[in-house]
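S.K.: dropping the sequence and predicted coords here.
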Amino acid sequence: MQKRLAEARAEILRLRETLRVLDEQVAYQQGVADDATTRATVAGTPLADRERREAVEDLRRLKRQRGETAARIDELTSEQDALLDRLG
């Protein structure tokens, strides 16, 4: 049980770092998507619209990955709490 507790702690730490990086990437990509949307609106060209769609899709993918990572952290935290309750 203590081995699993140590594994959960290590994974939580690793995932928190991943979450921090994803937060930075989401913030950056949000700016890229906003800029691409503005360019597509002003330019009105098929190329600008394609760039906007790609930027928005990249942002959506990053947000989904961030959500999955946060959910996994929550799962591991619950598991860790249960393990600690059983030990204590």
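M.R.: Happy to help now that I have it.

S.K.: what residues does the spatially most central residue of the chain make contact with?
M.R.: Taking CA atoms, centre = their mean, the centroid of the chain lies closest to R66, which sits 1.5 Å from it. R66 makes contact with L19, L22, D23, V26, according to CB atoms under 8 Å, 6 or more residues apart in numbering. No exception for glycine: its C-beta is placed from N, CA and C like everyone else's.

S.K.: could you measure from the first one over to A71?
M.R.: Here the distance between L19 and A71 works out to 11 Å (CB to CB, to the nearest Å).

S.K.: more neighbours: those two, which one.
M.R.: L19 (16 against 10; other CB atoms under 10 Å).

S.K.: can you tell me the helix or strand for that one?
M.R.: helix 2-43 (DSSP states H and E).

S.K.: ok, L62 next?
M.R.: helix 46-87.

S.K.: tell me how far that helix lies from the chain's centre.
M.R.: From the chain centre to the centre of helix 46-87 is a distance of 4 Å (CA atoms, centre = their mean, to the nearest Å).

S.K.: could you give the angle of it to helix 2-43?
M.R.: Put simply, helix 46-87 runs at 160 degrees to helix 2-43, going by axes from the mean of the first three to the mean of the last three CA atoms, to 10 degrees.

S.K.: average pLDDT across helix 46-87?
M.R.: Helix 46-87 carries an average pLDDT of 97.

S.K.: just use 41 as the starting number from now, easier for me
M.R.: New numbering, starting at 41: the last item is helix 86-127.

S.K.: count the neighbours of A95 for me.
M.R.: For A95, the count of nearby residues is 21 (other CB under 10 Å).
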